[in-house]
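K.L.:
fold the following.
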Amino acid sequence: MKTIAIQNNIKPLLSPPINEKQSQEQQGNSFGKMLSNSITEVNSLQNEADKAIQELATGKGKGIHETMIALDKAEVSFKLMMQVRNKIIAAYEQIMRMQV
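P.N.:
Predicted coordinates for the structure are as follows:
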C-alpha cells in the first residue's frame, strides 16, 4: 500500500532560491507539479480501494481488514485534497478582494 508523502513534496518549495528568475520558474513548475502529483496519488488510492472492494466481493481479497484500510486511506487522502482545495480557493478569493 502507498503512503501519502506530503512533506517530501513540499521540501523543494522551501529550499532557498539560487537565481530569482530561475527560482520563479522552478517554483511555478514545482507547485503545479506538486498539485498534479498529489491528485494522481489520491486517484491511485481511490483505484486501489475500488480494486480491494472488487477482490473482496469475488473472494480473491486477503481480508476485510485490508479492504477497510484501503478504503480509509482513500477517504483520508480525498478529505485532505478537498481541504487543500478549499484553502487555495479561500486564498484566491482573499487576493481578489485586495485593493490595488
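
K.L.:
buried residues of stretch 35-47, list them for me.
P.N.:
Buried residues in stretch 35-47, defined by neighbour count with 16 or more other Cβ atoms under 10 Å: Ser38, Glu41, Val42, Leu45, Gln46. All C-beta spots, glycine's among them, are computed from the backbone N, C-alpha and C.

K.L.:
ok, these vs His65, which is closest?
P.N.:
Nearest to His65, judged by Cβ to Cβ, of the buried residues of stretch 35-47 is Leu45 at 17.0 Å.

K.L.:
what sits against Arg97?
P.N.:
Listed by Cβ atoms under 8 Å, 6 or more residues apart in numbering, Arg97 has no contact partners.

K.L.:
give me the pLDDT for it.
P.N.:
On pLDDT, Arg97 comes in at 94.

K.L.:
what do you get for Ser30?
P.N.:
Here the pLDDT value assigned to Ser30 is 83.

K.L.:
helix or strand: which one has it?
P.N.:
Using DSSP states H and E, Ser30 falls within helix 20-58.

K.L.:
list the buried ones in the next helix or strand after that helix?
P.N.:
Proceeding N to C from helix 20-58, the next assigned helix or strand is helix 64-97, under DSSP H and E. Within helix 64-97, the residues that count as buried by 16+ other Cβ under 10 Å are Thr67, Ala70, Leu71, Lys73, Ala74, Ser77, Met81.

K.L.:
what angle separates helix 64-97 from helix 20-58?
P.N.:
Counting by axes from the mean of the first three to the mean of the last three Cα atoms, to 10 degrees, helix 64-97 points 150 degrees away from the direction of helix 20-58.

K.L.:
from the chain's centroid, how far away is helix 64-97?
P.N.:
Centroid separation for helix 64-97 versus its chain: 8 Å, with Cα atoms, centre = their mean, to the nearest Å.

K.L.:
same check, this time on stretch 56-63
P.N.:
28 Å.

K.L.:
likewise stretch 50-65?
P.N.:
25 Å.

K.L.:
need the contact partners of it.
P.N.:
Stretch 50-65 is contacted from outside by Glu66, Thr67, Ala70, Leu71, using Cβ under 8 Å, 6+ apart.

K.L.:
10 Å instead?
P.N.:
The contact list for stretch 50-65 (Cβ atoms under 10 Å, 6 or more residues apart in numbering) reads Met1, Glu66, Thr67, Met68, Ile69, Ala70, Leu71, Lys73, Ala74.
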